[in-house]
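Q: structure here, sequence nowhere to be found:
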Ligand SMILES: Nc1ncnc2c1ncn2[C@@H]1O[C@H](COP(=O)(O)OP(=O)(O)OP(=O)(O)O)[C@@H](O)[C@H]1O
Ligand SMILES: [Mg+2]
């Protein structure tokens, strides 16, 4: 692999006595879409939230192992700067009670951009990248809550893009969406790949097959298998991977 | 058998509910009946806007403007002191404090709420009053400012605990969403937590102020009780509540003075009612 974007070694995570990740080792290449699949409670979200250090908000949390981004230990970076580089889109579209425009401008303003022209440019570019611009360009001042669920999710993507991250983490971004909205979000992801590194946690195995370059299968906090997506879906090494993909458990 | 039990319990609860409404209505009617009688001798505008409160001169002068201004001045002073400190502590307790500090502070706030107002008044009288007198070089320390500071202590526990609840009730997602965008803790508090809990925090402030307006004992002890229109916060004032409490005993039942004190009761009732309704509106807005 070329220099990996993320290099994760022997990562173990505990919440109190419960071990949520067990010695996970993997590397994520720049500009790839890595899908993570696995049944509920397998540690997918926990893994994702390690990459932007969001787990540290939890008081009972403990970690062992190492994560490097572009070769630098994650813990040595300033946490705000890290989160600016590594954006995240949550399962539930998390619009803030603000206008559409302000939702997207939110993070940009927070990072200190005051110039109105530049702000407008960033908002438009982000909305275009998230494939939402055409649908909202005439109603930017309306409340974000007036958008449909699928539009709100793309709004959240736009908000994340607007701060110009390098990596985007998606945690089940389509779990509440209908197939058409899902397709639009997936389209956006595929187009974003050329500029960003994407890690996608999904409970929809077919989605992993559609958009992932590589797919990782997690079970009970362990990384069971990681390979090219076609390989995982046509000839998995591990019996448990095969069972999960075929819907035998989970 | 179970049916019968259900029936009895149900009726019992209903009776309790009806009784409390009934008593409130009774109190309200009584207040109205006695209070409105004052307007046979003094017009509404003279009563509310009159500059002089000499209830036992002949003829009595029943203008309560100095009392209203006294109440407002003390209340605003208390609000200016207690709101920033109260909301600040709530933010610290809900968002920043480590677990042990949280427990200590919450216990402290509860303790403050448990101090009877007469004790606060007493302590204020021997500590705060001389301090105000010396610091501002005044003839007396029994001033609106002393009352404001003392009342701020009374409003604070309410403000802190209600505002803290409001902050806790902000969905966890909002906070995580802000952090995930790279917000610092302070940015998250200022731009996400406070706006998202603003209605609850306003309700907290309203409830705190409601407590201040209705407070009697402590103000009576340390504001100096002079029924003149205050020009600054460093002079003695007399509040609506203190007037009723101090004069009710000596007013002749059925006399003008007596009716006027009841009318003050109506004014107080209206003010508290409006504050409670406003607080309620904010609280409900939050739930929606
Ligand atoms: N903040 C937390 N505090 C305590 N335990 C947690 C926390 N987050 C996750 N866990 C625990 O870690 C384990 C893994 O959870 P995680 O959310 O990573 O699973 P997941 O694979 O994302 O599941 P799902 O598909 O249901 O989202 C679970 O047993 C969960 O209870
Ligand atoms: Mg999850």
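A: Yes, it's here. Everything numeric in this text was worked out from a predicted model, so none of it was measured. Numbering: from 1, shown residues only, chains lettered A, B, ... in the order given. Ligands and ions are numbered 1, 2, ... in the order given.
Q: need the helices for the chain, in chain order.
A: Reading this off chain A. A:44-51, A:79-85, A:100-110, A:116-129, A:133-136, A:149-162, A:179-192, A:205-211, A:229-234, A:239-245 (DSSP state H).
Q: you looked at the wrong chain, it should be chain B
A: Ranges of helices in chain B, per DSSP H, are B:2-36, B:44-49, B:65-91, B:99-114, B:117-123, B:129-135, B:144-168, B:172-180, B:185-188, B:194-196, B:198-214, B:217-222, B:240-247, B:256-287.
Q: ok, residue A:27 touching residue A:11?
A: No: counting by C-beta atoms under 8 Å, residue A:27 stays clear of residue A:11, with 11.8 Å between them. (Glycine included, C-beta is placed from N, CA and C.)
Q: neighbour count winner among these two?
A: Neighbours were counted for residue A:27 and for residue A:11 using other C-beta atoms under 10 Å in any protein chain shown; residue A:11 has more, 21 against 15.
Q: nearest residue to that one other than its sequence neighbours?
A: Leaving aside its sequence neighbours, residue A:11 sits nearest to residue A:65 (C-beta to C-beta, 6 or more residues apart in numbering or on different chains; 3.8 Å).
Q: okay, the one you found and residue A:14: tell me how far apart.
A: Taken as C-beta to C-beta, to the nearest Å, the spacing of residue A:65 relative to residue A:14 amounts to 12 Å.
Q: got it, and residue A:103?
A: With C-beta to C-beta as the criterion, residue A:103 and residue A:14 are 35 Å apart.
Q: and the two? which has more neighbours close in?
A: Neighbours per residue, other C-beta under 10 Å: of residue A:103 and residue A:14, the larger number sits with residue A:103, 25 against 16.
Q: next, the contact list for the more buried one, please.
A: Applying C-beta atoms under 8 Å, 6 or more residues apart in numbering or on different chains, we find residue A:103 in contact with A:95, A:96, A:144, A:155, A:158, A:159.
Q: swap in residue A:135?
A: residue A:151.
Q: looking at it, residue B:266 is touching residue B:35, isn't it?
A: Yes: with contact defined as C-beta under 8 Å, residue B:266 reaches residue B:35; the gap is 4.3 Å.
Q: more neighbours, the two?
A: Legend: neighbour count by other C-beta under 10 Å for residue B:266 and residue B:35, higher for residue B:35 (20 against 16).
Q: how near is that one to ligand 1?
A: Going from residue B:35 to ligand 1 by C-beta to the nearest ligand atom, to the nearest Å gives 58 Å.
Q: same check, this time on residue B:29
A: 56 Å.
Q: would you agree residue A:67 is in contact with residue A:8?
A: Yes: Residue A:67 is within contact range of residue A:8, at 5.1 Å (criterion: C-beta under 8 Å).
Q: so which of these two has more stuff around it?
A: Neighbours were counted for residue A:67 and for residue A:8 using other C-beta under 10 Å; residue A:8 has more, 22 against 18.
Q: residue contacts, the more buried one?
A: Residue A:8 neighbours (C-beta under 8 Å, 6+ apart): A:24, A:25, A:26, A:27, A:28, A:50, A:65, A:66, A:67, A:68.
Q: the fifth one pairs with what?
A: Read that as residue A:28. residue A:6 (DSSP bridges).
Q: residue contacts, the residue nearest to residue A:11?
A: Taking C-beta under 8 Å, 6+ apart as the definition, contacts of residue A:65 comprise A:8, A:9, A:10, A:11, A:12, A:23, A:24.
Q: with residue B:52 instead?
A: B:61, B:63, B:66.
Q: quickly note the distance from it to residue B:70.
A: 14 Å.
Q: residue B:246 reaches residue B:227, doesn't it?
A: No: contact criterion C-beta under 8 Å: residue B:246 and residue B:227 do not qualify, at 10.2 Å.
Q: quick one, which of the two is more surrounded?
A: With neighbours defined as other C-beta under 10 Å, residue B:246 and residue B:227 compare such that residue B:227 has more, 21 against 14.
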